[in-house]
Each structure stands twice: as structure tokens, then as C-alpha cells.
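>>> mind folding the following:
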Amino acid sequence: MLDPESLACYRRDGFLLVRSMLPASQLERWSSRFEELALEAAARPEGMVVMRDAMIARGAVTPATPLHAINKLLSFEDDPVLFEYAESPELLAVVRSLVGPRLRTISTNVFNKPPGVDGRHPLHQDLRYFALRPADAIVAAWTAIDPCRRENGCLAVIPGSHRGPLREHGSPDWDYVNRGFFAAEVPDASARVHVEMEPGDTLLFHPLLVHGSGRNKSQGFRRAISVHYASADCQRPDAEPKRAPVTRRIPDPVESTG
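Coordinates of the predicted model:
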């Protein structure tokens, strides 16, 4: 569980970096499983999506390998290996400190960010994609599988931006933008802070936190695994037009211990 100082930091800044949360053996297992699914060496569950990078899809770049074509994998709720991440006891203990004991997942991703393409993710707020409310009862967990540096497009965040509203989002004026990547209207992008991470480090952040990532200018991949959790008490407003999310209930602590 998080101590009072860590909780205060999250409430103030909208994010919290927890070092060395998960072991290398688990990261390697999830990375290998991602490659199996991405390359169709294993059957993909129904509903799972593997996205190609926009530059590859439009023929602007020829990928060095099939993995170099893939931007990310979405919706791994029905894959038992990758979903181990969402059920990690270390992760759940911290998430429950932030949004309460009764949880469900509302978004799952493995980010691949290959070299040799644009691959930027503009500054945005994740609540743009979610219908559930309140925002304070939702949290993202984003764990580095590879070292994340400015050179390979680590996350960048604007501290305290979660205390503002859900901003207007639109398509950035870029030549190549991956599908579903929208940009928030941000008055001062220079306020962003780059969050460099080691494998196993986990960033927890509020769904209103403005964040994004840059190009991967290295020769390797920048891979990470991520889940958004919502309190089981979250509601979907009747007037909200977004589609219902794919969700999975996380067993309550009493159920998990018998």
C-alpha cells in the first residue's frame, strides 16, 4: 500500500513513479507473449487488436522485420498470460490505495514503439477515451518493459494538469498520426516533464493528466505494458455517446485470499 507521502504526491502532481515494482522474469514473459501474438505464432483472442504504425500502413517506410511494423496491441483481457499483469498483487495493492478495493479493468495495451517511424503520441488525456465517471476513481498503470529514455520516446507529463478540465481534443497537424491518437489543446507544452524509466518501473497516473511521448530515435524498441483500472462504483452517464468499454472484474481482496 502507498504511504501518505506517496498518496499526497499523486494527488498533487497527478502521477506517481514506483521504481522496480515488477521483476525481469515477468517482463520477459509478457514481452515474449506479445511477440507471439503480434506475429500470429499464437492464436489471438477474439477482440484483440494489433495495430500497425501509420507510416507502415501508408507505405512510407518498409519495416526491417514484421515486429518493426507494429505500434501496439490492444485488449488483452482474454489472454491469460498478458492478463497476469493486470492481476499482479504488487500492482493491485498500489492501485487499490488510489481508487479503492473493488476494481475492474477498462483498457489494456502493450506499446511497442518501433524505431524508424514517427510514432509520436501527442499530448492528450486518457479520459477522452473513457465514458465512466468520476475521473478520480480511474487510474492508469504503465510499466516499462524496456528502458525508457528521451532518446526512445519515454512518456512526458504535465504535472498538476489533472486538476483542470477534460480539454478539447483534435487531430494533430502531422504527416503521420497513428489511428486514435488525438491531441489536447495545451496552452504551455513546455511545462512537460520527461519520465525516464527502467524495466519494471511503473508510472501510475490520473486520466486527466496531460501526457504523451516522442519519437523513438534509438535502434531498438521501447516496449511497455499498461492497464487502466476503474472503481467498481464508477458509472456511465446516460448521455455519454462513447461505446461501452471492454471490462474485466478484478476479484476483491477477500475473494483472492479465500
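
>>> in terms of helix, strand or coil, where does residue 30 fall?
helix (DSSP: H, G, I helix; E, B strand; the rest coil).

>>> quick one: pLDDT of residue 83?
If you check residue 83, the pLDDT there is 98.

>>> report the contact partners of it.
Residue 83 makes contact with 76, 77, 108, 248, according to CB atoms under 8 Å, 6 or more residues apart in numbering. Glycine gets a C-beta too; all of them are placed from N, C-alpha and C.

>>> the third one sits in which helix or strand?
Just to be clear, that refers to residue 108. Here residue 108 sits within strand 103-111, counting by DSSP states H and E.

>>> hang on, the earlier thing: out of the contacts of residue 83, which are buried?
76, 77, 108 (16 or more other CB atoms under 10 Å).

>>> what about the last one, distance to residue 67?
Going back to what we said before, that points to residue 108. 19 Å (CB to CB, to the nearest Å).

>>> likewise the first one?
For residue 76, the distance to residue 67 equals 17 Å [CB to CB].

>>> same deal with the second one?
Computed as CB to CB, the residue 77 to residue 67 distance reads 23 Å.

>>> same check on residue 168?
35 Å.

>>> correct me, but residue 64 touches residue 56?
No - between residue 64 and residue 56 there is no contact under CB atoms under 8 Å: 10.7 Å.

>>> which of those two has more neighbours?
residue 56 (21 against 12; other CB atoms under 10 Å).

>>> which non-adjacent residue is nearest the more buried one?
In space, and not counting its chain neighbours, residue 56 is closest to residue 69: 4.4 Å by CB to CB, 6 or more residues apart in numbering.

>>> what is the neighbour count of the one you found?
22.

>>> with residue 160 instead?
14.

>>> same question for residue 198.
12.

>>> which residues pair with the spatially closest residue to residue 195 that is not a sequence neighbour across the strands?
Leaving out its chain neighbours, the residue that sits closest to residue 195 by CB to CB, 6+ apart is residue 155, at 4.9 Å. Counting by DSSP bridges, residue 155 is bridged to residue 195, residue 213.

>>> and residue 155, how far from residue 208?
15 Å.

>>> the two: which is more packed in?
Taking neighbours as other CB under 10 Å, residue 155 and residue 208 compare with residue 155 leading, 25 against 21.

>>> so how far is residue 226 from that one?
10 Å.

>>> overlap in contacts of those two?
residue 142.

>>> where do the helices sit along the protein?
4-13, 24-38, 54-57, 83-86, 89-99, 253-257 (DSSP state H).
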